[in-house]
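Asks: Provided below are the primary sequence and the corresponding predicted coordinates.
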Amino acid sequence: MEQLLSWISLHQEILYVVILMIFVGIEVIGRVPSVLHTPLMSGANAIHGVVIIGAIIVMGKASSSNYLALVLGFIAVIVGTLNVVGGFVVTDRMLEMFSKKKKKS
């Protein structure tokens, strides 16, 4: 317990910044109009693509005996890929809602 308290006192400023970032993020996301969610999701998908590349690089640089890095890298690749694919599917479905319907002859 003493180690935890000393770590918290050492990194107190960083913890304040993280807590403030959480509150600011909630406020910013909460005030985004629903029309802008599709472009924001596309941007988030691009960011997660970078995460996937980073995880692949980490897995490639890790030694074969470092199981923690390999497992975490593999999980990051899988979860990042699911997030990118799911985001593009949702974006595509939202864009279909705004497209004009074709008339049947």
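Replies: Received it, and whenever you're ready, just let me know what you need.
Asks: so Gly80 is in which element?
Replies: Gly80 belongs to helix 67-98 when elements are defined using DSSP states H and E.
Asks: avg pLDDT for that helix?
Replies: For helix 67-98, mean pLDDT rounds to 85.
Asks: would you mark the buried spots in it?
Replies: 73, 76-77, 80, 83-84, 87, 91 (16 or more other CB atoms under 10 Å). C-beta: built from backbone N, CA, C; applies to glycine.
Asks: check stretch 48-60 too.
Replies: Quick answer for stretch 48-60 (16+ other CB under 10 Å): 48, 51-52, 55, 58-59.
Asks: narrow the residues you listed to those in helices?
Replies: In helices, defined here by DSSP state H, the members of those are 48, 51-52, 55, 58-59.
Asks: grab the most central residue of this protein for me.
Replies: Against the mean C-alpha coordinate of the chain, by CA atoms, centre = their mean, the closest residue is His48 at 5.5 Å.
Asks: correct me if wrong: that one contacts Leu82.
Replies: No - using CB atoms under 8 Å, His48 is not in contact with Leu82, being 9.4 Å away.
Asks: contacts only, for Val32.
Replies: Applying CB atoms under 8 Å, 6 or more residues apart in numbering to Val32 gives the contacts Leu40.
Asks: how is this structure divided into domains?
Replies: The record's domain parsing of the chain by automatic domain parsing lists 1-31, 34-100.
Asks: got a pLDDT number for Leu40?
Replies: On pLDDT, Leu40 comes in at 70.
Asks: flag whichever of the buried residues of stretch 48-60 scores worst on pLDDT.
Replies: Lowest pLDDT among those: His48, with 78.
Asks: ok, now which ones touch it?
Replies: 80, 83-84, 87.
Asks: also Ser6?
Replies: Per CB under 8 Å, 6+ apart, neighbours of Ser6: none.
Asks: for Ser64, same thing?
Replies: Contacts of Ser64 (CB under 8 Å, 6+ apart): Leu70.
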